[in-house]
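Novice: Quick check, what structure comes out for this input:
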Amino acid sequence: KINNKPILLIFSGSDWCGWCITMRRQVLNTPEFKAYARDKFVLMEVDLPRNTAKLTPQQLQQNRELVNRYRVDTFPTVLVITPGGDITGGFTGGRTDLGSVTQPLELAFENARLLEQAETQTGVEKAKTLYTFYRNMPDVFRRNLAELRKEIAALDPQNSTGIHTEVRDFNIVQDVQAQTRGMADESALIVITDALVKVSETNRVPLQKMLAELLNNRIRRTREQADTLDDI
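Specialist: Below you'll find the predicted structure:
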């Protein structure tokens, strides 16, 4: 716990990850970013270089533990966490301009404030604050917040936040993903399109992405198998 500021964790492969190197050179090492981050965050790089001599064994061990703790499988990954270790936002993948980096960090900084606020609240009031926090989280992190969804639902039995609808939709999407894994295209199309009408409009994006990917794959295979333009 340092100055009670949120901690900015930058997961990097400093001598092998091209996007990590580019983002550091074009954004993170610039005076503009340093001025932006100085008063908001405690900065910490979590580096896993191929040249392990760059770090002490203790540093390498600590960095590997942080990678496992936060389930990092994409480099770079940038996380904002509270002094207590809760993720409040961030992003994955390389970004090459200041605005694209600071925009998700601003949202994560606001989320850290919301978590503090929720600690002073109870009941539906707390549920609404936590739900705002939940909706602010990027999709890549939101799917891992099962315990938070349960907490909000317990605080909001009347579904004033819409969390019960969110949980239902999330479970439908998870079931479709599991059910269609390895399934033939025609059968998967039926499962996905049936599920789309059961999910609220605001939560259809994962299913729409699945449908688009499946259709694109079918188009690609059709082109590869076609002998003439008429066949396509």
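Novice: C-alpha only now, for contacts and for neighbours.
Specialist: Noted.
Novice: For the protein, give me the ranges with low pLDDT.
Specialist: Scanning the chain with the threshold set as pLDDT under 70 gives 1-3, 229, 231-232.
Novice: Which residue would you name as the spatial centre of it?
Specialist: Geometric centre of the chain, nearest residue: residue 140, 2.5 Å, by C-alpha atoms, centre = their mean.
Novice: In contact with residue 135, which residues are there?
Specialist: Contacts for residue 135 were tallied using C-alpha atoms under 8 Å, 6 or more residues apart in numbering; they are residue 142.
Novice: cool, residue 187 as well?
Specialist: residue 180.
Novice: And whatever helix or strand it lives in, what's buried?
Specialist: Assigning secondary structure by DSSP states H and E places residue 187 in helix 185-196. Residues of helix 185-196 classed as buried: 188, 189, 191, 192, 195, 196 (neighbour count, 16 or more other C-alpha atoms under 10 Å).
Novice: ok now it, how far from the chain's centre?
Specialist: Centre-to-centre, helix 185-196 and its host chain are 26 Å apart (C-alpha atoms, centre = their mean, to the nearest Å).
Novice: try stretch 68-77
Specialist: Relative to its chain's centre, stretch 68-77 lies at 10 Å (C-alpha atoms, centre = their mean).
Novice: buried set for that stretch?
Specialist: 72, 75, 76, 77.
Novice: out of these, which one sits closest to residue 44?
Specialist: In terms of C-alpha to C-alpha, no member of those lies closer to residue 44 than residue 77, at 12.2 Å.
Novice: can you tell me which residues contact that closest one?
Specialist: 10, 11, 12, 90, 91, 92, 93.
Novice: Where do the strands of the protein begin and end?
Specialist: Listed in chain order, the strands found in the chain under DSSP state E are 7-12, 42-47, 77-81, 87-92.
Novice: any chance of those in CSV, with distance to residue 146 too?
Specialist: Converted to CSV, these look like this (distance: least, C-alpha to C-alpha, whole Å):
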stretch, distance to residue 146
strand 7-12, 22
strand 42-47, 26
strand 77-81, 18
strand 87-92, 13
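Novice: between these, which gets nearest to residue 124?
Specialist: strand 87-92 (20.8 Å).
Novice: What is the closest one packed up against?
Specialist: strand 77-81, helix 98-118 (3 or more C-alpha pairs under 8 Å, 6 or more residues apart in numbering; DSSP states H and E).
Novice: So which of these is the most surrounded?
Specialist: Per-stretch averages of neighbours, counted by mean count of other C-alpha atoms under 10 Å, single out strand 77-81 among the helices and strands packed on strand 87-92, with a mean of 24.
Novice: Parallel or antiparallel, which strands does it pair with?
Specialist: Counting by DSSP bridges, the strands paired with strand 77-81 are strand 7-12 (antiparallel), strand 87-92 (antiparallel).
Novice: With residue 184 as the reference, name the closest of those.
Specialist: That would be strand 87-92 among these, by C-alpha to C-alpha, at 31.1 Å.
Novice: Show me what the closest one is in contact with.
Specialist: Residues contacting strand 87-92 (C-alpha under 8 Å, 6+ apart): 74-82, 104-105, 107-109, 111-112, 133, 136-138, 141.
Novice: Next, the buried residues of that strand.
Specialist: In strand 87-92, counting by 16+ other C-alpha under 10 Å, buried: 87, 88, 89, 90, 91, 92.
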